[in-house]
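Pasting a predicted model and its sequence here:
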Amino acid sequence: MESFFSFILYPVSAILWFWHKIFGAVLGPDNGFAWALSVFFLVFSLRVVLLKPAISQLRAGRKMAKFAPQIQKLREKYKNDRQRMAQEMQKLQSEHGVNPLGGCLPALLQIPVFLSLFHVLRNFTPGAQSNFIFDRAGVESFINADIFGAKLSNWITQSDAELALFGTDRTSMMVVGIPLMLIASVATFFTMRLSVKKQTDAAMANPQSAMMAKFMMYIAPVGAIISGWFLPIAVLLYWLANNVWTLGQQHFLTKKIDREQEREKAKEIEAKKAAPRPKPGQKPVRAEAKNGEEDAEPAAATTGGATSGGAKPAGGNQAGGANGQRSGNRPGGKKNQPKNRPGKQAASAKKGKKRR
């Protein structure tokens, strides 16, 4: 454990040491609240580092919510072919520039930090000469510190002999530990509830996702209460600080992303308004109408030329001349084109034959 997490055990203990120096100078090095605030600000320091991945996580979630209906269609289409479904979803995510693993990054990075803090706190034992960055004086300061009689490195279910070795008892541990568990549980519930509430209807359209989200919203707080009996008081403080930070961070970042989306929508509306539009009363000119006008003009000219030659055409030719005269009287547009009426043409042809 120590060799595996050695690359992060020293940074975690160094951050805890730094904040204890600050709060210990104000409240006293052996003060339990100075150590509690050191744990709180250890969490805050680490979460500030993870703030950028958290923003990326929220943005990725908003992007995925936009094409959630497409994901649902893929699930219905390839419900019998898991491999094809995974390929199509990966293709869809790459097209929208979404990395599903990016949303898990902040949570994954907190796991080694949590384990490292747990290991550092477990090494604050009586008689220890050092604990990573802390020297013997730092170890003794932590062991002597308490909050209302509860030692920070002990937990409720420890044996009476171990609790007595640290100078505390089970009653004192429960008086401090149980309220911390309850507060951490309530903070966890509201954190999960806010996360579920911010998901769109499209993202919650999948019954499995909706059921899992609601399940975790109630199971996670219960897990906080159960695990609190087996965790040191300092780790409960870490858990409480982490959930309080997450609750505030979600509220802050959600408003930030909402403002960004509102600005993007405003830019899209402005771009649509700036696009060129036809003037009021102006009809759009189509290429077909132009071609029709060009074809009608030569036909009218040809008909007019035949009439002016002095020879009067008989039968159907007279009808054609009349049509040509009509078209000449109404210049321009579709009205200038001779109408194609097959019935009248057939009737005029029969009259021409009878006259002959």
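Perfect, I can see it now.

Only C-alpha atoms from now on, for both contacts and neighbour counts.
Fine.

Now Asp81. Its backbone dihedrals?
phi -130, psi 90 (degrees, to the nearest 10).

now it: how far from Gln93?
For Asp81, the distance to Gln93 equals 18 Å [C-alpha to C-alpha, to the nearest Å].

So if I had to pick from those two, which one is more boxed in?
Neighbour tally, Asp81 and Gln93, criterion other C-alpha atoms under 10 Å: the higher count belongs to Gln93, 18 against 10.

any low-confidence regions in the protein?
Applying pLDDT under 70 to the chain flags residues 1-5, 65, 68, 96-107, 197-210, 277-356.

go again using 50 as the cut-off
Counting by pLDDT under 50, the chain has low-confidence residues at 200-203, 205, 287, 289-335.

all strands of it, in order?
Secondary structure of the chain by DSSP state E: the strands cover 146-147, 150-151.

Now do the contacts for the closest residue to Lys79 other than its chain neighbours.
Closest residue to Lys79 apart from its sequence neighbours, by C-alpha to C-alpha, 6 or more residues apart in numbering: Met85 at 7.3 Å. Shown in contact with Met85 (C-alpha atoms under 8 Å, 6 or more residues apart in numbering): Leu74, Arg75, Tyr78, Lys79.

since we're on the first one, how many residues are nearby?
As a burial measure, the neighbour count of Leu74 was computed by other C-alpha under 10 Å and equals 17.

The second one too?
Arg75 has 19 neighbouring residues, counting by other C-alpha under 10 Å.

now the last one
For Lys79, the number of neighbouring residues by other C-alpha under 10 Å comes to 12.

For it, give me phi and psi.
phi -70, psi -20.

ditto for the third one
For Tyr78, the backbone dihedrals (degrees, to the nearest 10) come out as phi -110, psi 40.

what's the distance between it and Ala34?
Per C-alpha to C-alpha, Tyr78 is found 57 Å from Ala34.

if you count what's nearby, which of those two comes out ahead?
Each of Tyr78 and Ala34 has its neighbours counted (other C-alpha under 10 Å); Ala34 has more, 25 against 14.

circling back: just say which of the strands of the chain is most tucked in.
With neighbours taken as mean count of other C-alpha atoms under 10 Å, these reach their highest mean count in strand 150-151, at a mean of 26.

What are the phi and psi values at the closest residue to Asn131 other than its chain neighbours?
Once flanking residues are discounted, Asn131 sits nearest to Asn123: 6.2 Å by C-alpha to C-alpha, 6+ apart. Here is the backbone geometry of Asn123 (degrees, to the nearest 10): phi -90, psi 0.

okay, now Asn123: neighbour count?
By other C-alpha under 10 Å, 15 other residues sit near Asn123.

same check, this time on Val26
11.

Over to Phe18?
Residues within reach of Phe18, counting by other C-alpha under 10 Å, total 15.

Which parts of the stretch 51-200 of the chain are helices?
51-66, 68-77, 82-95, 105-122, 136-144, 160-165, 170-197 (DSSP state H, counting those that start in this stretch).

With respect to Val26, which of the ones you listed lies nearest?
Comparison of those against Val26 by C-alpha to C-alpha identifies helix 136-144 as nearest, at 14.6 Å.

if I pick the nearest residue to Ala234 once chain neighbours are set aside, what's in contact with it?
If the residues on either side of it in the chain are set aside, Ala234 comes closest to Leu152, at 4.9 Å by C-alpha to C-alpha, 6+ apart. Neighbouring residues of Leu152 by C-alpha under 8 Å, 6+ apart: Gly32, Phe142, Ile143, Ala145, Asp146, Pro232, Ile233, Ala234.

so can I have CSV of those showing distance to Leu182?
Converted to CSV, these look like this (distance: C-alpha to C-alpha, whole Å):
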residue, distance to Leu182
Gly32, 20
Phe142, 24
Ile143, 25
Ala145, 23
Asp146, 20
Pro232, 15
Ile233, 13
Ala234, 15
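
Okay then, goodbye and thanks.
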